[in-house]
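Asks: Sharing a model prediction with you, sequence too.
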Amino acid sequence: MKDNHSPILIVAGPTASGKSDLAIQLARRFNGEIISADSRQVYRGMDIGTGKVTKREQKLARHWLLDVASPKRQYSVARFKRDAERAIRNITRRGKLPIICGGTGFWIDALVYGQSLPEVKPDGKLRAKLQKLSAAELFARLSHLDPARAAAIDRHNPVRLIRALEIIMTTGKPVPAVHRSSPYHLLYLGVSRPMGELKRRIEKRLDARLKAGMIAEVRRLHAMGASWKRLESFGLEYRWVARFLRGTITRNAMRDALLKDIIAYAKRQLTWWRKNGDIAWVASTTQAKTIARQIASEYATDAL
RNA sequence: GGGGGUGUGGUGGAGUGGUCAAUCACAACAGACUGUAAAUCUGUCGGCCUUUGGCCUUCGUAGGUUCGAAUCCUACCGCCCCCA
């Protein structure tokens, strides 16, 4: 853990684990600022459905990368990486501790493990064209153009196949292999809870969101120009509430399906982190505080 | 009391004589992930084994018909509907 890299605290964890609250506590304790690593909280107007921290909570600790994009436009890992790096530099320069907090594992890893993403921007036209092809056809093309990538890719996954084709067709050269080292001194916390407890929290929170005006929020987004298709692609509350608003399902069916989907999502998040040996998992607030104390001493002795 | 219907794996629900351990969906479990990542995608899912195959036990219960039954017959039990 002793190196010259600047320290970064990460608070990751599945949805409804309580990581936002913990991050705020840690920020207050260690003079930190929070960088949200959440692929849906970057969008303006998506508040209730994403569980975005309130303005009042934002006063307790400064938050970065909330509300930085229009829901009508595409925000992506690459932009996140660039924006977050800028935020980290800004925070560090002022002698404060950057705290990455979020549930989007892919984004956190892209930022924190110094992966270089291929310099190929999404090409809407090309994607639209490729979308018409079946997975088998896409795979056949990729095998022809970039056999190495084809060998490693999930041949059934159109999203992956299309991006891989986009890269090879634009650059003509294969994607470099991933290396897993970090330019930062990582203090990687994971907030976990027993599955039963997590499910209860998810359900309770879902009902609170419905009561708090989640349906109106989605209606507003659509009125402001976010297409049904777009809302569908946001997943979870935005997907299911949009279906309800279009009248394809009842309110009860919406709630049931949504609950299942959120739970499945939490499991997928856990799968992402499970294999990551850098993470120190905390299961309770007390445990988090203990770890925080350790971090405090470490941070004081070798980081600054 | 009379008539009709129905009972399938954790759930819903197919299957109506052989190719059925039983379509499918959901749940459950496991996994992938390089600019859509709350998205997208994969595998397992009765039990056991020497696991591209073999064996065993399952389709309300008990018998029966048949070379062979989740599928046909009889009785019983449960549930539903109609008539009384």
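Replies: In hand now; what should we look at? Bear in mind that the values here come from a model prediction, so they are computed numbers and not experimental data.
Asks: show me where the stretch 151-300 of chain A has helices.
Replies: For the stretch 151-300 of chain A, applying DSSP state H, counting those that start in this stretch gives helices covering A:158-171, A:195-211, A:214-223, A:228-234, A:236-245, A:251-274, A:285-298.
Asks: which outside residues touch stretch A:181-194?
Replies: Identification of contacts with stretch A:181-194 by CB atoms under 8 Å, 6 or more residues apart in numbering yields A:1, A:3, A:5-14, A:17-19, A:22, A:88, A:112-114, A:201, A:270, A:273, A:276, A:278-284, A:288, A:291, A:295, A:298-299, A:303. (C-beta placed from N, C-alpha, C; glycine too.)
Asks: again with stretch A:278-298
Replies: Counting contacts by CB under 8 Å, 6+ apart, the residues outside stretch A:278-298 that touch it are A:1, A:9, A:12, A:18, A:22, A:25-26, A:29-30, A:186-194, A:273.
Asks: Weed out the non-buried ones from the residues you listed.
Replies: Neighbour counting by 16 or more other CB atoms under 10 Å classes A:9, A:12, A:18, A:22, A:25-26, A:30, A:186-193, A:273 among the contacts of stretch A:278-298 as buried.
Asks: So which of the residues you listed is the closest to residue A:259?
Replies: residue A:193 (16.7 Å; CB to CB).
Asks: Just give the number of residues close to the residue of chain A found nearest RNA strand B.
Replies: Relative to RNA strand B, the nearest point of chain A is residue A:235 (2.1 Å; CB to the nearest atom of the strand). Using other CB atoms under 10 Å, residue A:235 has 15 neighbouring residues.
Asks: pLDDT wise, what is it at?
Replies: For residue A:235, the pLDDT comes out at 93.
Asks: what's the answer for residue A:1, then?
Replies: 43.
Asks: Please list all residues in contact with residue A:49.
Replies: A:40, A:209, A:214, A:217-218, A:236-238, A:241.
Asks: For the stretch 1-150 of chain A, what lies in contact range of RNA strand B?
Replies: A:38-41, A:46, A:49-51, A:74-79, A:103-107, A:115, A:117-122, A:127, A:131 (CB under 7 Å from any atom of the strand).
Asks: Kindly recompute the last result at 6 Å.
Replies: A:38-41, A:49-51, A:76-78, A:103-104, A:106-107, A:115, A:117-122, A:127 (CB under 6 Å from any atom of the strand).
Asks: Restricted to buried residues, select the residues you listed in ChimeraX.
Replies: Applied in ChimeraX, the following selects the buried portion of those according to 16+ other CB under 10 Å:
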select /A:38,39,40,41,49,50,51,76,77,103,104,107,115,118
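Asks: and the least confident of the buried ones among the contacts of stretch A:278-298?
Replies: Ranking the buried ones among the contacts of stretch A:278-298 by pLDDT, residue A:186 lands last with 80.
Asks: how's chain A carved up into domains?
Replies: A:7-115+A:179-303, A:124-171 (automatic domain parsing).
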